[in-house]
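> Quick one: sequence and predicted model below, then my questions.
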Amino acid sequence: MDAIKKKMQAMKIEKDNALDRADAAEEKVRQCLDKLERVEEELRDTQKKVGHVEQELEKSTQDLEAAENLLQEKQKKVEAVSEKLY
C-alpha cells in the first residue's frame, strides 16, 4: 500500500511539473504570437512607406524627364539664337 501511495505521489508531482511546463510553453507561445503581430504590423507600415516612396520616386522621375525636355528645348533655342548672332 505504501508503494502505491508513493507511486501516486510521484505521479502527481510529475503531472504538476508537466502542467507547469505546459503553462510556461503556452505563455511563451502567447509572447511569440504578440511579437509576431507587432512585427507584421511594422512590416505593413514599412510596406506602406515603401509604396509612398515609390510613388514619390515615380513623380520625381517624371518631373526630371519634363525638366530635361524643357532644358533641351531651351538649349536648342539658345543654339539657334547663337547661330543667328554669328
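Arrived safely. Numbers count the residues shown, from 1 in each chain.
> how much space is there between Asn26 and Asp20?
Careful, residue 26 is Glu; it's not Asn. 11 Å (C-beta to C-beta, to the nearest Å). For glycine as for every other residue, the C-beta is placed from the backbone atoms N, C-alpha and C.
> again with Lys49
From Lys49 across to Asp20, the span is 44 Å (C-beta to C-beta).
> what do you get for Leu70?
Plainly put, Leu70 is 74 Å away from Asp20 if you go by C-beta to C-beta.
> Also Ile13?
Where Asp20 is concerned, Ile13 sits at a distance of 11 Å (C-beta to C-beta).
> Repeat that for Val29.
Val29 is 15 Å from Asp20, by C-beta to C-beta.
> Ok, Arg44 next?
When distance is defined by C-beta to C-beta, Arg44 is 37 Å away from Asp20.
> Any idea how many residues pack against Met1?
Neighbour count of Met1, defined by other C-beta atoms under 10 Å: 5.
> With Glu79 instead?
Neighbours around Glu79, by other C-beta under 10 Å: 10.
> What residues does it make contact with?
Residues counted as contacts of Glu79 (C-beta atoms under 8 Å, 6 or more residues apart in numbering): none.
> Name the helix or strand for it, please.
Using DSSP states H and E, Glu79 sits within helix 2-85.
> That helix - what's its average pLDDT?
The pLDDT scores in helix 2-85 average 96.
> Any idea how far that helix is from the middle of the chain?
In this view, helix 2-85 has its centroid 0 Å away from the chain centroid, taken as C-alpha atoms, centre = their mean, to the nearest Å.
> can you check stretch 77-86 too?
When C-alpha coordinates are averaged (C-alpha atoms, centre = their mean), stretch 77-86 and its chain have centres 55 Å apart.
> Just the buried positions in it, please.
Within stretch 77-86, no residue counts as buried by 16 or more other C-beta atoms under 10 Å.
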